[in-house]
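J.: Okay, sequence plus prediction incoming.
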Amino acid sequence: MARPANIFLIVLALAGLFLLAPVGLWAQSDGLNGSSEDSLGDSQGDAQNEPGGAGAPDELDEPDADPFAAPPPLPAPTPIVTPGLRDVGPIYPTMGEGGLYGYATAAGLMVIKPVFLAANPFRADGTAWVNFENAFGQIDAEGRWVKEPTLKLLRVSGFFSNGLAEAQAEDGTFGFIDAEGRWVIEPAFKRTRGFGPEGLAPVMDADSNWGYVDSKGVMAIEPKWQEARHFAPGGLALVKSPEGLYGFVDREGRLAIEPQFVEARSFGPNGLAAAKPVGQEFFGLIDLNGDMVVKPSFSRAAGPSANHLMALADEEGLWGFADSGGNFVIGPKYRRLGAFGANGLARFRLDDGSMGLLNEFDQWVLEPWFAFVGDFTVRDKPTEYTHAHSRDGLWGVINQSGEWVVPPEYGFCAYRPDGLVEVNVDHAPIWGYLTLDGQARVPLGYDQSLEKGAQNR
């Protein structure tokens, strides 16, 4: 996704708080540094989240400030809920007058008054993180404080399955908090990539080395790698050694496969990974023991699929899907292929640049009518709709038949897990919510990095 200039950033900049923009729609490549997965997406594709930001202005800049004085009590933003506007259905973060944020219905009716510097969507537990006067707290759907705004944070991510959320402290470092806002893992990292299903999170220390921390803050694998990825289903994680070579570690941090590859991808469900040995021009396929079971003969390789097929390119650069023996069962004939997703579909691109979707039988489930198309999944779950980029350069939303549900008339858009569409008009700095009928539009009133800060980094 492109990084649109958001008016929200101007407000936060004036408060001395800088937040960054999020990731895009095409799945995170598994290549590390020089070993990019060569994303199928266009220029609106994968932007990486990078940490950054600065704390609030120093109070001592004021000549009469008393550094030992007790801070003034926070003014309670009450009454927050507009009288008579309860039980109106889902409400969404919305920019109000003066550049502050509240919550409104999909039709734009403001329910919770705009008094916040930042506002996040409501979570499943009925609370939402908000920034009130440069401090984070949580409110309920009636705007009442569930947790007083005392956390001096730059951003807060969504919560992982272990109940922790990534948070960035005022000094720019990252750690993890629980639902009560307590630091469970102190902010001591330059970057993190969030917790994977195995319960470990890749983290970067002050010296820019990567390791892994568990949910109790114990450094499960000491930071000594140039790069580190989440663990694959086979129990191994792709890492990059200080010498710049790729290998794989197990959950105890032991080297299961010595660093010996100039490029590599994570293991897939078939127990194989694409890897390019030192001195080789092509990728081969290795097993969990590091043995080369398919000789190097592929010029490029995508990340692992959700099934047992692997997206690979032949020596001429044409893409197809190969089985565990390295035999092409689809192609090679495509300009580019993406991995199969959770819904059994994969994106393909033809020589003319058009994109569509195919199944594992090489049947075109969605004809290549688009300059870019999503894969009908949101956060690894199948959906009925996806965003698409028309050939005339504008974005909309399509159904599984390829019909436009939201006409292509936006500078960019994204189909969200809650069924709304995030839209940008003519590449202007203002974003909005759009319902699938294309009628109601509500200003987008939250910094997306707050909601998605831990995704795809």
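T.: Arrived safely. As the structure is a computational prediction, the values presented were derived from the model and not from experiment.
J.: which regions of the stretch 151-300 of the chain sit below the pLDDT cut-off?
T.: The model of the stretch 151-300 of the chain has pLDDT under 70 over residues 158.
J.: ranges for the helices of it?
T.: Assigned by DSSP state H, counting those that start in this stretch, the stretch 151-300 of the chain shows no helices.
J.: Residue 230 against residue 237, yeah?
T.: Yes - using Cβ atoms under 8 Å, residue 230 is in contact with residue 237, at 6.5 Å. In short, each C-beta sits where N, CA and C put it, glycine included.
J.: Can you give me every residue that contacts residue 188?
T.: 173, 175, 205, 206 (Cβ atoms under 8 Å, 6 or more residues apart in numbering).
J.: taking the residues you listed one by one, which sit in strands?
T.: residue 175 (DSSP state E).
J.: which one of the contacts of residue 188 is nearest residue 293?
T.: residue 205 (35.3 Å; Cβ to Cβ).
J.: Leaving out chain neighbours, which residue sits closest to that closest one?
T.: Spatial nearest neighbour of residue 205, excluding adjacent residues (Cβ to Cβ, 6 or more residues apart in numbering): residue 223 at 4.3 Å.
J.: Run a quick neighbour tally on the one you found.
T.: Residue 223 sits with 19 neighbouring residues when counted by other Cβ atoms under 10 Å.
J.: Quick check: it vs residue 235, distance?
T.: Distance, residue 223 to residue 235, using Cβ to Cβ, to the nearest Å: 20 Å.
J.: One more: residue 133?
T.: Using Cβ to Cβ, one gets 46 Å for the distance from residue 133 to residue 235.
J.: ok, now residue 246?
T.: Going from residue 246 to residue 235 by Cβ to Cβ gives 17 Å.
J.: Residue 230 and residue 237 - which one has more neighbours?
T.: residue 237 (26 against 19).
J.: doesn't residue 246 make contact with that one?
T.: No - applying Cβ under 8 Å, one finds residue 237 not in contact with residue 246, separated by 11.0 Å.
J.: So for these two, which residues contact both of them?
T.: Between them, residue 237 and residue 246 share no contacting residue under Cβ under 8 Å, 6+ apart.
J.: Look up which residues are beta-bridged to residue 210.
T.: Legend: beta-bridge partners of residue 210 under DSSP bridges are residue 204, residue 225.
J.: Please name the residues that touch it.
T.: Taking Cβ under 8 Å, 6+ apart, one finds 202, 203, 204, 223, 224, 225, 226, 227, 228, 239 in contact with residue 210.
J.: Next, residue 98: secondary structure please.
T.: For residue 98, the secondary-structure state derived from DSSP: H, G, I helix; E, B strand; the rest coil is helix.
J.: So what's the residue count around residue 324?
T.: Around residue 324 there are 16 residues (other Cβ under 10 Å).
J.: shouldn't it be in contact with residue 270?
T.: Yes - taking contacts as Cβ under 8 Å, residue 324 lies within contact range of residue 270: 5.0 Å.
J.: between those two, what contacts are shared?
T.: Common neighbours of residue 324 and residue 270, counting by Cβ under 8 Å, 6+ apart, are residue 308.
J.: residues near residue 167, how many?
T.: Residue 167 has 26 nearby residues by other Cβ under 10 Å.
J.: That one and residue 324: what is the separation?
T.: Residue 167 is 42 Å from residue 324, by Cβ to Cβ.
J.: Please identify the pairing partners of the biggest strand by length in the chain and their relative orientation?
T.: Longest strand in the chain by number of residues (criterion: DSSP E): strand 255-264. The strands that strand 255-264 pairs with in its sheet are strand 246-249 (antiparallel), strand 273-277 (antiparallel) (by DSSP bridges).
J.: Of the ones you listed, which is nearest residue 295?
T.: Checking these against residue 295 by Cβ to Cβ gives strand 273-277 as the closest, at 10.2 Å.
J.: what sits against residue 405?
T.: Taking Cβ under 8 Å, 6+ apart, we find residue 405 in contact with 385, 396, 397, 398, 399, 436, 438.
J.: ditto for residue 395
T.: By Cβ under 8 Å, 6+ apart, the contact set of residue 395 is 44, 387, 388, 389, 408, 410, 411, 412, 413, 423.
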